[in-house]
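> sequence and predicted structure, then a few things I'm wondering about:
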Amino acid sequence: MSDKDRIRSLLKEAELYKKQSLLTQSKGKYLNVLQIIESSRQLGNREKLLDAVREKMRAVEEKLTEIDEAPEVPELSESQHNLIRKRFSFSKDKDKAAIEGAVALAKFGQYEQALEQFKKLLRQGILPVVVAKNIITCLLSFSTADAAVAQFSQWVSRESLSRPQLKQIRAFLNSTFGKKGIKAELPKLDEAPAEAGKEDEEGDAVLDLSSISIQLESGPLKGETVEFDVTFQSGNSVSVIIPARRKDLLDSFKTGMELSDIQCFSPIGFFRANGVLFGKTEIKDGPKQGDYLLEIAINAD
């Protein structure tokens with residue numbers, strides 16, 4: 001392979017790592033490119049090439065520095081964790097309320113504590129697909145794609161989940177990775193005959209949603225349509241974030257308001273729904289401090 005081909009290949013890898021937020025690996029590929037350019041006798045315009053690659057690497061280094069200097073999510077006390085779980089547990093069903101409490105911890109940036117709660121629920125066999133999906137979401141929020149793949153591989157090897165459940169979780173991982181532009185090899189599941197016993201009773205009320213758009217029916221932006229990425233989902237309840245700077249948008253949402261025109265987007269298509277805004281809370285701690293969390297119950301038409 002010529003020096004030009006090696007450089008072209010390494011630059012593609014560096015860009016791919018950067019898109020996946022694997023910044024240390026991206027920087028390493030740029031360093032490899034610089035070494036090839038500096039040692040090559042075949043390349044013309046070496047100085048221009050060096051400057052261009054150094055600029056790309058500098059952008060990655062600035063992002064790494066930004067991450068290193070970002071304020072850490074504050075550690076909350078056990079009583080504060082309990083308060084969050086209690087405040088955001090709405091279901092009368094004890095198991096579903098426990099999941100809602102763990103999801104609430106994750107929404108407020110307490111990922112490690114949420115992960116601990118989810119793993120406890122999974123060991124207890126409580127709605128395993130819902131819980132496993134939330135474990136994956138937590139790992140992707142505060143750790144890496146590799147950690148999510150490793151967790152799924154562990155579930156497969158230990159056979160702690162049924163084959164149909166693993167297939168649902170694998171599909172969720174694939175769609176999540178696709179949305180984030182992450183390329184990763186997931187363990188394949190051997191085809192197996194239908195398993196005896198009762199079927200999975202989790203039955204999410206709606207598909208896993210990646211985003212929703214809402215046509216505003218009141219407030220200063222009446223008539224406009226706004227789109228939100230779905231931050232977390234538990235059954236038919238989704239959470240979205242309004243940045244603190246969008247005061248105009250914040251004033252358009254009131255707790256208890258009915259939303260008659262919601263477009264819901266999932267990895268396999270979209271559908272229209274209606275819903276109710278049942279929660280609007282200012283985030284007091286963590287990286288999204290000052291933003292607002294909207295909780296919407298989706299009712300498919």
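Perfect, thanks for sending it.

> any buried residues in the helix or strand hosting residue 8, and which?
Assigned by DSSP states H and E, residue 8 belongs to helix 3-19. Within helix 3-19, the residues scored as buried using 16 or more other C-beta atoms under 10 Å are 7, 10, 11, 13, 14, 16, 17, 18. Just so you know, the C-beta spots here come from the backbone N, C-alpha and C atoms, and that holds for glycine as well.

> which of those residues lies closest to residue 244?
Of all these, residue 244 sits closest to residue 18, with 27.9 Å by C-beta to C-beta.

> and for residue 258, the neighbour number?
When neighbours are defined as other C-beta atoms under 10 Å, residue 258 has 10 of them.

> check which helices and strands the helix holding residue 8 is in contact with.
Contacts defined by 3 or more C-beta pairs under 8 Å, 6 or more residues apart in numbering; DSSP states H and E place helix 3-19 against helix 23-39, helix 46-69.

> out of those helices, which gets the lowest mean score?
For the helices and strands packed on helix 3-19, the stretch scoring lowest in mean pLDDT is helix 46-69; its value is a mean of 81.

> and that one with helix 23-39, angle?
Using axes from the mean of the first three to the mean of the last three C-alpha atoms, to 10 degrees, the inter-axis angle of helix 46-69 relative to helix 23-39 is 160 degrees.

> the helices in the stretch 151-300 of the chain, which residues?
In the stretch 151-300 of the chain, the segments counted as helices under DSSP state H, counting those that start in this stretch are 163-180, 247-250.

> before we move on, back to that, export the buried residues of helix 3-19 to TSV and tack on distance to residue 138 and pLDDT?
TSV is the format used below for the buried residues of helix 3-19 (distance: C-beta to C-beta, whole Å; pLDDT from 0 to 100):
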residue	distance to residue 138	pLDDT
7	38	86
10	33	88
11	33	88
13	28	84
14	28	84
16	24	76
17	22	74
18	23	74
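
> now, which of those sits nearest residue 47?
Nearest to residue 47 among the buried residues of helix 3-19 is residue 7, at 14.7 Å by C-beta to C-beta.

> who touches the longest strand seen in the chain?
Longest strand of the chain, by residue count under DSSP state E: strand 269-282. Identification of contacts with strand 269-282 by C-beta atoms under 8 Å, 6 or more residues apart in numbering yields 88, 90, 206, 253-264, 290-301.

> try it again with 7 Å
When contacts are defined by C-beta atoms under 7 Å, 6 or more residues apart in numbering, strand 269-282 is touched by residues 253, 255-264, 292-301.

> just checking, which of those residues belong to strands?
In this view, the contacts of strand 269-282 that belong to strands under DSSP E are 258-264, 292-300.

> quick check: the two most widely separated of those residues?
292 and 300 (25.3 Å).

> with neighbour numbers in mind, choose between those two.
Using other C-beta under 10 Å as the criterion, residue 292 and residue 300 rank with residue 292 on top: 20 against 14.

> looks like the more buried one contacts residue 243 (just checking).
No - if you go by C-beta atoms under 7 Å, residue 292 and residue 243 don't touch, sitting 8.2 Å apart.

> mind listing the shared neighbours of these two?
Counting by C-beta under 7 Å, 6+ apart, no residue touches both residue 292 and residue 243.

> rewinding a little: quick check: angle from the longest strand of the chain to strand 292-300?
Strand 269-282 and strand 292-300 are oriented at 140 degrees to each other (the same axes, to 10 degrees).

> paired strands for strand 269-282, with orientation please.
Strand 269-282 pairs in its sheet with strand 258-266 (antiparallel), strand 292-300 (antiparallel), by DSSP bridges.

> would you list the phi and psi of the nearest residue to residue 290 once chain neighbours are set aside?
If the residues on either side of it in the chain are set aside, residue 290 comes closest to residue 244, at 3.9 Å by C-beta to C-beta, 6 or more residues apart in numbering. The phi/psi pair for residue 244 (degrees, to the nearest 10) reads phi -60, psi -30.

> burial count for residue 244?
Neighbours around residue 244, by other C-beta under 10 Å: 14.

> from what I see, it and residue 293 are in contact.
No - look at residue 244 against residue 293 with C-beta under 7 Å: they stay out of range, at 11.5 Å.

> this completes my enquiry, with thanks.
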